[in-house]
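J.: build me a model:
(chains A and B)
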Amino acid sequence: KNEVEQSPQNLTAQEGEFITINCSYSVGISALHWLQQHPGGGIVSLFMLSSGKKKHGRLIATINIQEKHSSLHITASHPRDSAVYICAVRSNFGNEKLTFGTGTRLTIIP
Amino acid sequence: GAGVSQSPRYKVAKRGQDVALRCDPISGHVSLFWYQQALGQGPEFLTYFQNEAQLDKSGLPSDRFFAERPEGSVSTLKIQRTQQEDSAVYLCASSSYRVTEAFFGQGTRLTVV
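T.: Here you go, the predicted model:
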């Protein structure tokens, strides 16, 4: 079992729909990151969370430490949101490295 | 530039050739990470530097992989005697210190033929 599991693996939705991507992890963490990766490889950091909820524009990220679960929501989705969304965690054992999920490929159809 | 810069963006190597991939982190960033991303997969950790010290190299898949950051700034990932299974995108990330946001480069796509 991977330390970081994401669902769904693929998601296709119509423009304007509310999108939810889920991330579950099995280790104690000091932080959880949501990242966006467009074709061509570049990764952009969207959020870094250690508790609660963060909002940036149409993006909302929540985390439940007790349940070891995080969600990324996109409101009023747009075709330009089409990308791979990756959840990554940093463990709380002092190791600096990130452990990544395999990503969720989101396609928003106009 | 203001971001993490990697070069080259694309590299095609013949099997058995040595390659060197470069990462210029954000100026002043203490932490530097190398990750390997196979097609359709999430990135996998290779190695981590804090300044010039390589604190963790547990993810390097074999002794053909070597990374250095001699002056605590630019880092080079070297792969000797490349194999087809080395084909991947190699990502570099830097951050200012522990538990802070990581900034990623565009990656180097290595294809071994």
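
J.: interface residues of chain A facing chain B?
T.: A:4, A:30-31, A:33, A:35, A:40-45, A:48, A:50, A:86, A:88, A:90, A:95-103 (C-beta under 8 Å from any C-beta of the partner chain). Every residue, glycine included, has its C-beta placed from N, CA and C.

J.: quick check: closest non-adjacent residue to residue 5.
T.: Just going to use chain A. residue A:24 (4.9 Å; C-beta to C-beta, 6 or more residues apart in numbering or on different chains).

J.: hmm, I had chain B in mind actually
T.: Counting by C-beta to C-beta, 6+ apart, residue B:5 lies nearest to residue B:24, which is 4.2 Å off, once chain neighbours are set aside.

J.: try residue A:75
T.: Sequence neighbours aside, residue A:58 is the residue nearest to residue A:75 in space, at 4.7 Å (criterion: C-beta to C-beta, 6+ apart).

J.: can you tell me which residues contact the one you found?
T.: A:74, A:75, A:76, A:77, A:78, A:81 (C-beta atoms under 8 Å, 6 or more residues apart in numbering or on different chains).

J.: what do you get if the cut-off is 6 Å, keeping everything else the same?
T.: A:74, A:75, A:76 (C-beta atoms under 6 Å, 6 or more residues apart in numbering or on different chains).

J.: how about residue A:103?
T.: Contact analysis of residue A:103 by C-beta under 6 Å, 6+ apart lists A:84, A:86, B:42.

J.: and the residues you listed as JSON lines, adding distance to residue B:106 and pLDDT?
T.: Listed next are the contacts of residue A:103 as JSON lines, based on distance: C-beta to C-beta, whole Å; pLDDT from 0 to 100:
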{"residue": "A:84", "distance to residue B:106": "15", "pLDDT": "95"}
{"residue": "A:86", "distance to residue B:106": "15", "pLDDT": "96"}
{"residue": "B:42", "distance to residue B:106": "17", "pLDDT": "89"}
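
J.: among these, which ones are in strands?
T.: Of the positions in the contacts of residue A:103, A:84, A:86 sit in strands, assigned by DSSP state E.

J.: compare the contacts of residue A:103 and tell me which is most surrounded.
T.: Highest neighbour count within these: residue A:86, with 26 neighbours (other C-beta atoms under 10 Å in any protein chain shown).

J.: nothing else from me, thank you.
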